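K.L.:
Please find the sequence and the predicted model below.
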Amino acid sequence: MLPGKQGGIVAYAEGKRQGGVLNKYRVPGIGFLGIVLGYFHLTSDSSTAADQGKRQDSTGSQKEMSTSSKVEWGDMVIVSGVLVGAATFLFRKTLFGARKPEMTIAQKAALAGGAGGSSGADEYNEERDFVLKMRNAGKNVVIFYGSQTGTAEDFATRLAKELQSVAVRPLVLDPELYDFHGMAALNEDELAVLILATTGEGEPTDNMEQWYDAFVSNRESPEESEVPEFREPEDKAGMLDMEQPLADVRFAVFGLGNNTYEQFNSHARIMDSRLQALGAQRIGERGEGDDDVDIEEDFAQWKDKTLPLIRAMFGSATPDEDAGGAPALTWTVTETGGSDAWTAGQLYASAETFDARHPFQAPVKATAELTPGADRHVLHVEVDLAGSGMRYEAGDHIGVYAQNSDEEVDLLLAALGLLDRADQAISVAAADPHAAQQALFPHVTTYRAALRHYLEIALPVPRAQIKSLVLPFATSAAARDFLGPLANDKDAHAQKVGAGCLSLARLLNAVHAAERTAGETDLLMLPPAAVFELCPRMQPRFYSISSSARVAPEMPSITAVVLQYEAAAGSADAKLGLTRSGVATNFLLGAKRYLQGDRAVSLPDGVLVSENAALPTHDASGAPVVADNKGHVLGSYTIHPPVDRQLALPVYIRKSQFRLPTDPAVPIIMIGPGTGLAPMRGFVQERAHQARANPESAQGTALLFFGARTAVHDYMYEDELARLFDDIRTVAPQSQVITAFSRDQANKIYVQHRLAEHADAVFEALLAGQDKLTGPPRAHIYVCGDAKAMAKDVTRALAALIADKAGVPVDTAAQWLAEMRKASRYQEDVWS
Ligand SMILES: Cc1cc2nc3c(=O)[nH]c(=O)nc-3n(C[C@H](O)[C@H](O)[C@H](O)COP(=O)(O)O)c2cc1C
């Protein structure tokens, strides 16, 4: 093979598939059971706790729900991982020189000496051929989603539903399950729609990694990426342009991002430009959703502009929105014979290896309250991975599947008129026999189990969903009058549903109250199938692991603030919702209380909720809602199996790139206010362990900047950190913890202020033994916590500090920091 840019098309025409095997030229590439329990109070040197399912900031506010469709509440961050699958390439672009479209693939193959050449890559797999799948199912639009926490997937599903007509027949697929190689086979009368979230620091989502690697072989300079090896379809044999093999491809793209991240929407932007560079033609504008503002609205606006173009492409009329009538639903619900297993919350098929789809039931070994005197709960939870085969490193993330509180479940069952059938076994199947996803749940379940375990029912209902799935079922004028503005007026929706914390149950209760006031007796009843379509699937929440595998090899710990949101002050409808609890963190709090015997967790089955209940002043049994001494509304959770004091959490480990330097001699500067301390605790444990194990070896200085509200109430892990740093100082004497307690004095003091105050110590660590800084420092910098303000302020403080101490312009210092980022020596694990 000649050197040069890789790229090309695998000759498929000659290497015909026989019996599903592509010979000759192969397709390249891508080739809660517990033990223990009962009490576990933190001893000063072991433990910890935090939550994040989209992640929290130091003040405990989280990303939770600036948008209505999100998994939100209590949940966290993630840095994505690992590159998967490397392709071996048959052709080198330089072999053919400049673009020569007239040259056939066969000729190129021959020139490459390639007739018998092997890519060394995976065999063609019919199951992974999305074009084949589309055509076999009679579909002409494929919608791929790149989703980390479920929003993009939810958007993709909703888009398909909206597009569906006789002429436009969409199919929603997960790119992880399909090969990109077939892309060139798409024809002009077909369309690919990409709904792509950006994650990490401007990275593709895990399920898009393989595709992204193929299209963006050069992440530093995406425009210089090589042409991926597409499979040449038989009907285009010899006709594909080598450099623009996607000339027949039509696509549309919507990105999901958050403007507080430096690389806003970069995943969608880069994929958009790569597809165009490869000849594909975009339909309409690229959409860019910003979940710091209103991603639902961004999506709605993009659809308003793009859907007519797509419909025009297929000669389909714009549906008459005022036509009325109940919408066709995606799922059919059949009440079947009983099945005890799935009422017990056995959610996932057993597996030998564990991942997002097959979480491991990890016994909870320890729970503790880290800041008992604080006005918020900060939890420490340890789970046991023994027997799972899963390994973790300090800096990795743990995905936790939570369950909805019994109060929210019962309230919704009541609002749907399902309380008396709550434990009826049901099977939920796709109405469309060609849909990619034929079953919504892994098995027969029950109404109650579905709402408790599988669906996000606690989120405010998005405007678009009210419009398409609630309003159409309104039969009374009162219901239509109540729902109409929420469906059609963005501001009314934001004020009532968003600020009012209206989950589906609360929204339906509000509608019912309006109907009763109007004298209606025939209340709006949403069919279960509409609920299953409306509520996104329950997503795991990710937490930065707060322990070191050297110290606790099979026992990762979580450190989480328990989230509670009050309805916006002044909202006329605040009384409708009042409070919204973060799903996962409150479940963890429930777990802690269960394990420590604080309160019975199980409610009697079948209790009736007052139809007019205005939670959370009353819980599902009609009793006053329990709030604790922190003013926190407590949820109830039915634990299965109901064995006293035992609990297992469905979890899996997600690898991250947030890693200590392999060489312990390299200094580390860690900035982790609030629960941003979590990964830093793991790092500190690790360095202390090294110091104890190798007292003779030198170690780089470790500086930890931690911030919280008050020293007295909010200094989590204080004693433990003091001891760990004593150990570290035996080999790295300059190491220390520097704290910033914002409310301990009149002026707010944050970590960035402490960085400036401790400029000498920081600069010394950055020098890493050199006399002078003449380029990017060799030390490693870690930042974890709030992306919106803290992470940016920290970068600015560091640049100012370096500029001052090194005697260089701030721009130069900023440039050095940028270079450190590129070299993974300045790492962030942040959330917004
Ligand atoms: C850990 C994390 C990292 C993120 N990184 C970025 C980023 O670099 N750029 C960006 O525009 N948005 C970023 N976002 C925002 C997400 O793209 C946005 O929340 C999106 O709606 C998530 O979609 P999903 O639920 O389908 O994964 C990040 C979100 C999280 C939780």
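P.N.:
Received, thanks.

K.L.:
what is residue 785 paired to in the beta sheet?
P.N.:
residue 830 (DSSP bridges).

K.L.:
Isn't it up against residue 678?
P.N.:
No. In this structure residue 785 lies outside contact range of residue 678 using C-beta atoms under 8 Å: 9.3 Å. Backbone N, C-alpha and C define where each C-beta goes, glycine included.

K.L.:
Overlap of the contact sets of these two?
P.N.:
Common contacts of residue 785 and residue 678 (C-beta atoms under 8 Å, 6 or more residues apart in numbering): residue 672.

K.L.:
More neighbours: which of these two?
P.N.:
residue 678 (35 against 31; other C-beta atoms under 10 Å).

K.L.:
and the gap between the more buried one and the ligand?
P.N.:
Distance of residue 678 to the ligand, given as C-beta to the nearest ligand atom, to the nearest Å: 13 Å.

K.L.:
swap in residue 456?
P.N.:
Distance from residue 456 to the ligand, by C-beta to the nearest ligand atom: 11 Å.

K.L.:
ok, that residue touching residue 539?
P.N.:
Yes. Using C-beta under 8 Å, residue 456 is in contact with residue 539, at 6.9 Å.

K.L.:
give me the number of residues near residue 631?
P.N.:
Residues within reach of residue 631, counting by other C-beta under 10 Å, total 11.

K.L.:
mind checking which helix or strand of the protein has the lowest mean pLDDT?
P.N.:
strand 21-22 (a mean of 20; mean pLDDT, DSSP states H and E).

K.L.:
Quick check: beta-bridge partners of the residue of the chain found nearest the ligand?
P.N.:
Across the chain, the shortest distance to the ligand (C-beta to the nearest ligand atom) belongs to residue 257, at 2.4 Å. Beta bridges link residue 257 to residue 290, judged by DSSP bridges.

K.L.:
Any regions of the stretch 51-200 of the chain where pLDDT drops low?
P.N.:
Across the stretch 51-200 of the chain, the ranges flagged by pLDDT under 70 are 51-122.

K.L.:
What ranges does it have for its strands?
P.N.:
141-146, 170-173, 191-199 (DSSP state E, counting those that start in this stretch).

K.L.:
Quick one: residues in contact with the first one.
P.N.:
This means strand 141-146. Strand 141-146 is contacted from outside by 130-131, 134, 152-153, 155-156, 159-160, 163, 168-175, 178, 186, 190-197, 204-205, 207-208, 211-212, 267, 310, 314, using C-beta under 8 Å, 6+ apart.

K.L.:
returning to what we had before: show the contacting residues for the residue of the chain closest to the ligand.
P.N.:
Shown in contact with residue 257 (C-beta under 8 Å, 6+ apart): 197, 198, 264, 265, 266, 267, 268, 288, 289, 290, 291.

K.L.:
filter those residues down to the ones close to the ligand.
P.N.:
197, 198, 264, 265, 291 (C-beta under 6 Å from any ligand atom).

K.L.:
Was I right to think the last one contacts residue 256?
P.N.:
Pointing back at residue 291 there. Yes. Assessed by C-beta under 8 Å, residue 291 is found in contact with residue 256 at 6.8 Å.

K.L.:
More neighbours: the two, which one.
P.N.:
The residue with more neighbours, out of residue 291 and residue 256, is residue 256; 32 against 25, by other C-beta under 10 Å.

K.L.:
Spatially nearest residue to that one, not counting backbone neighbours?
P.N.:
The spatial neighbour of residue 256 that comes closest, neighbours along the chain excluded (C-beta to C-beta, 6 or more residues apart in numbering), is residue 197 at 4.0 Å.

K.L.:
The one you found: how many residues sit nearby?
P.N.:
Residue crowding around residue 197 was assessed by other C-beta under 10 Å; the count is 29.

K.L.:
OK, contacts around it?
P.N.:
Counting by C-beta under 8 Å, 6+ apart, residue 197 touches 146, 147, 148, 149, 151, 152, 205, 255, 256, 257, 267.

K.L.:
circling back to that earlier point, the more surrounded of residue 456 and residue 539?
P.N.:
Using other C-beta under 10 Å as the criterion, residue 456 and residue 539 rank with residue 539 on top: 26 against 22.

K.L.:
I'd assumed residue 427 was in a helix, is it?
P.N.:
No. Looking at residue 427 with DSSP: H, G, I helix; E, B strand; the rest coil, it is strand, so not inside a helix.

K.L.:
how far away is it from residue 386?
P.N.:
Taking C-beta to C-beta, to the nearest Å as the measure, residue 427 falls 35 Å from residue 386.

K.L.:
Pick out whichever of these two has more residues nearby.
P.N.:
Between residue 427 and residue 386, residue 427 has the larger neighbour count (other C-beta under 10 Å), namely 17 against 14.
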